[in-house]
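Asker: Turn this into a structure:
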Amino acid sequence: METELMLASHAPEQTRYWGRVIGAALGRGDVVALQGELGAGKTTLAQGIAEGLGVSDGCYVTSPTFTLINEYQGRIPLYHLDFYRITSLAESQDLGLEEYLCGEGVAVIEWPEKIAIWLSGDYLLIKLVLVGYTERMLNVSSRGHRSAELVRHVALHQAGREGAPPLPVTKNKGMD
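Answerer: The predicted structure follows:
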């Protein structure tokens, strides 16, 4: 059974906030797939996830578009994978993806549709949709039992934010 939740983000800081909420709940072996067009906020969300995992403030999380995989150390390892430049499934076969997707850390994948065959297990899917210049909708859905627990965790935080003052906005920060 799929569990789904819609989240609004009105600024990059809110996108990072949702990432921190998600990152704080992640555990070893969890996989988060981030879908969205260029500039949708996938890397911004990944930065928040890294913060939630306790990746050092001095470690700036960037999109591994050219290197394909960046690793960061937090309370558990974060494997940030970006498959934007992958043009065929054959290109991904030599990367040792099973070590990242079933490993001791958390895998956060940008452009997961390029390696969909590798995502047969339980994972959290987050589709980021551009609504305006800084506004995004995040469609968070589960693909199994563990990811359904993560969706429920985020829903509790969403309920707690109702009626709360808006998060602070910092100008001139990009989404991706």
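Asker: And the residue nearest the centre of this structure?
Answerer: The residue lying closest to the centre of the chain (C-alpha atoms, centre = their mean) is Ala46, at 4.6 Å.
Asker: can you tell me which residues contact that one?
Answerer: The neighbours of Ala46, taking C-beta atoms under 8 Å, 6 or more residues apart in numbering as the test, are 19, 34, 61, 63, 80, 108, 110. To be clear about C-beta, it is placed using only N, CA and C from the backbone, and glycine gets the same treatment.
Asker: ranges for the strands of this structure?
Answerer: In the chain, the segments counted as strands under DSSP state E are 4-9, 31-35, 69-73, 77-82, 106-110, 124-130, 136-142.
Asker: Report all helices and strands that the second one contacts.
Answerer: Which is strand 31-35. Applying 3 or more C-beta pairs under 8 Å, 6 or more residues apart in numbering; DSSP states H and E, we find strand 31-35 packed against helix 42-52, strand 106-110, strand 124-130.
Asker: Check the first one too.
Answerer: Strand 4-9 sits against helix 12-25, strand 136-142, helix 145-161, with contacts defined as 3+ C-beta pairs under 8 Å, 6+ apart.
Asker: buried residues in that strand?
Answerer: Judged by neighbour count (16 or more other C-beta atoms under 10 Å), strand 4-9 contains these buried residues: 5, 7, 9.
Asker: follow-up on the earlier one: quick check: the farthest pair among the contacts of Ala46?
Answerer: In terms of C-beta to C-beta, the contacts of Ala46 reach their longest pairwise distance at Gly19 and Ser63, which sit 13.6 Å apart.
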